[in-house]
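> Next comes the sequence, and after it the predicted model I'd like to discuss.
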Amino acid sequence: MDLFSQIQLAGVIGTIFYAFLGLFLMMCCYVIIDKLTPFSLHEELAGKANVAVAIVMGSVMISLAILIANVIRS
């Protein structure tokens, strides 16, 4: 069998849609967290290179990605 004969267009479109949906939700969560903190996340991460904030934000983004993936899968 040909490799490309197994790929269905609906599956590809669904994957692309859910990928962009997940990215959009992650960006929305970043903006919400940025508004809730008393300091600017962008300034702390890019300007001051605060490693502690980077570790916390990385763990938040990983946990959000796991939650979003489980919601999409169910």
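The structure has been received and is ready for your questions. This structure is a prediction, so every number in the text was calculated from the model and none was measured.
> Tyr30 touches Leu45, doesn't it?
No - under the criterion of CB atoms under 8 Å, Tyr30 is not in contact with Leu45, lying 10.5 Å apart. Every C-beta, even on glycine, is put in place using the N, C-alpha and C of the backbone.
> what residues are shared contacts of the two?
Met57 (CB atoms under 8 Å, 6 or more residues apart in numbering).
> Could you find the residue nearest the spatial middle of the chain?
The centroid of the chain falls nearest to Met26 when counting by CA atoms, centre = their mean (3.9 Å).
> Mind checking the pLDDT average for the helix or strand where that one lies?
When secondary structure is defined using DSSP states H and E, the element that contains Met26 is helix 9-36. Model confidence over helix 9-36 averages 87 on the pLDDT scale.
> buried set for that helix?
Within helix 9-36, the residues that qualify as buried by neighbour count (16 or more other CB atoms under 10 Å) are Gly22, Leu25, Tyr30.
> What of stretch 57-74?
Neighbour counts over stretch 57-74 (16+ other CB under 10 Å) mark Met57, Leu64, Ile68 as buried.
> follow-up on the earlier one: columns distance to Asn50 on top of the buried residues of helix 9-36, output as TSV?
Rendered in TSV, the data for the buried residues of helix 9-36 read as follows (distance: CB to CB, whole Å):
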residue	distance to Asn50
Gly22	26
Leu25	25
Tyr30	16
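> before we move on, the earlier item: packing partners of the following helix or strand past the helix holding Met26?
Scanning the chain past helix 9-36 towards its C-terminal end, the next helix or strand to appear is helix 41-42 (assignment: DSSP H and E). Counting contacts by 3 or more CB pairs under 8 Å, 6 or more residues apart in numbering; DSSP states H and E, the secondary-structure elements packed against helix 41-42 are helix 9-36.
> Could you list every helix and strand in contact with the helix it packs on?
Right, helix 9-36 is packed against helix 41-42, helix 51-73 by 3+ CB pairs under 8 Å, 6+ apart.
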